[in-house]
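> Whatever this is, show me its structure:
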Amino acid sequence: MSDHDIDPTSPRMAPKPEVTKIAGRELKPSTLMMGHGYDPVLSEGSLKPPIFLTSTFAFPSAADGKRHFEGITGKRPGGADGLVYSRFNAPNQEILEDRLSVWDGAEDALSFSSGMTAICVLMLAYASQNDVIVHSGPLYAASEGFVAKVLAKFGVTYVDFPAGATREEIDAVLKRAQAQADEQGGKVCMVYLESPGNPTNALVDIEAVRASVDAAQLDCPIAIDNTFLGPLWQRPLDQGADIVVYSLTKYVGGHSDLVAGSIAGAKKWMDPVRMLRNTMGGICDPNTAWMLMRSLETVELRMSRAGDNAAKVCDYLAKHPKVEGLGYLGMIKDARQQDIYDRHCKGAGSTFSLLLKGGEAECFRFLDALKIAKLAVSLGGTETLASHPASMTHLSVAEGRRAELGISDNLVRISIGIEDADDLIADFEQALEAV
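Next up is the predicted model:
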């Protein structure tokens with residue numbers, strides 16, 4: 001159970017202080033994942049946190065219950081002092097959130113039942129009628145659809161810009177968004193980024209966005225979906241983002257056996273989202289939170305292995321005569337994108353786009369011929385996955401919009417897993433023979 005969940009006046013023993021330093025050395029996230037936020041003494045000495053399958057929690061006294069609900073309802077700042085009800089908080093979820101905060105250097109984090117639940121509740125918490133959301137492109141199709149189709153029902157509009165936009169271009173977009181908000185009687189309520197973009201791997205200059213938002217004096221958060229590179233290869237809060245968003249289903253979960261999401265950032269940005277989550281629900285369930293804690297112990301190992309594999313596979317694919325191009329961050333050809341990569345990223349990742357010579361038919365032949373790699377959507381798992389975004393994950397995006405974003409019919413998205421790299425190369429080689 002997290003330290004802040006324990007009432008020191010209760011008969012249970014107060015928790016031991018967290019160990020985050022030894023001999024003045026700050027412990028690394030990979031070390032902290034083994035015990036941060038949990039004291040075995042409070043759970044019968046269990047080395048690992050048990051799964052707390054309960055809907056509600058007993059209060060030590062009526063006064064404690066009142067105090068907790070004052071925090072839950074916002075009548076007193078700071079949130080609940082203890083555990084109340086599993087729609088609001090629970091031990092497994094709070095330990096998970098503590099550990100997620102560590103990876104991104106965030107003050108606070110919130111867990112959700114899926115990445116899209118996290119994104120939708122986040123946007124709903126900040127968007128009001130007639131507001132404007134500024135976002136980069138491409139976005140995951142469901143994210144873009146929620147803005148363009150669902151929030152539009154409530155008078156929320158959007159202005160978008162391409163991932164590689166310069167500071168001057170972003171300045172112009174924010175100016176246009178502010179004018180649009182003034183005309184509608186609303187405000188610019190959020191700048192929402194996805195970097196790298198799905199599925200092209202296009203990068204957004206987070207530092208330029210931060211400078212533009214500050215220069216425009218906009219009082220709104222900069223949120224970024226960091227699923228493709230986080231938490232190991234990019235820390236957007238260090239570049240000026242306010243909120244980092246994850247589909248925990250992907251690299252953090254890492255085994256293709258759960259669905260979850262999260263956001264993290266300063267408490268002032270988390271509190272409005274927490275209040276809406278308290279009302280709507282959508283918190284991650286305890287079993288999934290427990291599985292995610294297990295996965296966080298190995299996330300660095302898994303991502304490092306997958307990244308090494310991807311580098312070897314892409315080195316092979318780049319030389320193949322049937323390959324037209326690669327959207328791999330280890331082989332960037334555009335100077336602007338390379339500059340962003342050098343400033344923002346700590347690794348090239350293991351998810352990339354493969355452009356085949358041909359179109360949908362050639363992609364389908366390639367996908368159907370794979371034997372080790374699985375034909376499935378999602379990414380970041382231990383196994384290698386391949387899919388065709390134009391006809392699958394991004395099918396709901398209008399054809400013209402797909403073309404504008406570079407999501408072409410000859411694009412295959414590949415997420416490299418932790419198999420043997422030479423075996424994967426052999427698989428891709430025989431599958432390309434079918435093209």
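
> can we go C-alpha only for contacts and neighbour counts from here?
OK.

> Next secondary structure after the lowest-mean-pLDDT helix or strand in the chain?
Taking mean pLDDT, DSSP states H and E as the measure, the chain has helix 399-405 as its least confident helix or strand, at a mean of 87. Later in the chain than helix 399-405, the nearest helix or strand by DSSP states H and E is strand 411-415.

> buried ones in stretch 75-83?
Gly79, Ala80, Asp81, Gly82, Leu83 (16 or more other CA atoms under 10 Å).

> what about that stretch, how long is it end to end?
Taking CA to CA, to the nearest Å as the measure, stretch 75-83 stretches 17 Å from start to finish.

> tell me the mean pLDDT for it?
The pLDDT scores in stretch 75-83 average 84.

> Quick one: classify the residue nearest in space to the middle of the chain as helix, strand or coil.
Ranked by distance to the mean C-alpha position of the chain (CA atoms, centre = their mean), the top residue is Tyr246 at 1.5 Å. Of the three states, Tyr246 takes strand under DSSP: H, G, I helix; E, B strand; the rest coil.

> Quick check: bridge partners of it?
Ser262 (DSSP bridges).

> Is it correct that Ser353 falls within a strand?
Yes. Assessed with three-state DSSP, Ser353 lies in a strand.

> Which residue ranges make up the domains of this structure?
With domains defined by automatic domain parsing, the chain comprises 92-296, 300-432.

> Of these, which stretch is the most buried?
Highest mean neighbour count of the domains of the chain: domain 92-296, a mean of 21 (counted as mean count of other CA atoms under 10 Å).

> The residue nearest to the centre of the chain contacts Val259, doesn't it?
No. Using CA atoms under 8 Å, Tyr246 is not in contact with Val259, being 11.1 Å away.

> which residues do these two both contact?
Shared contacts of Tyr246 and Val259 (CA atoms under 8 Å, 6 or more residues apart in numbering): Gly115.

> all helices in the stretch 1-150 of the chain, in order from the N-terminus.
29-32, 62-73, 91-104, 115-126, 141-145 (DSSP state H, counting those that start in this stretch).

> How about residues contacting the least confident helix or strand of the chain?
Gly137, Pro138, Pro162, Ala390, His394, Ser408.

> Between the two ends of stretch 371-390, how far is it?
Stretch 371-390: ends 22 Å apart by CA to CA.

> Residues in contact with it: which ones?
Contacts for stretch 371-390 (CA under 8 Å, 6+ apart): 199, 228, 250-256, 302-303, 306, 350-351, 363-364, 367-368, 392-393, 395, 402, 407-409, 411-419, 424, 427.

> Now with 6 Å, please.
250-251, 254-256, 409, 412-418 (CA atoms under 6 Å, 6 or more residues apart in numbering).

> Which parts of this protein are strands?
Applying DSSP state E to the chain gives strands spanning 21-22, 25-26, 108-112, 132-137, 157-162, 188-194, 222-225, 243-247, 261-265, 323-327, 351-356, 374-375, 385-387, 411-415.

> Any chance of those strands in a markdown table with mean pLDDT and distance to Gly145 as columns?
Converted to a markdown table, the strands of the chain look like this (pLDDT from 0 to 100; distance: least, CA to CA, whole Å):
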| stretch | mean pLDDT | distance to Gly145 |
| --- | --- | --- |
| strand 21-22 | 92 | 44 |
| strand 25-26 | 94 | 42 |
| strand 108-112 | 98 | 19 |
| strand 132-137 | 97 | 12 |
| strand 157-162 | 97 | 11 |
| strand 188-194 | 98 | 13 |
| strand 222-225 | 98 | 15 |
| strand 243-247 | 98 | 17 |
| strand 261-265 | 98 | 18 |
| strand 323-327 | 97 | 24 |
| strand 351-356 | 97 | 22 |
| strand 374-375 | 97 | 24 |
| strand 385-387 | 97 | 20 |
| strand 411-415 | 97 | 20 |
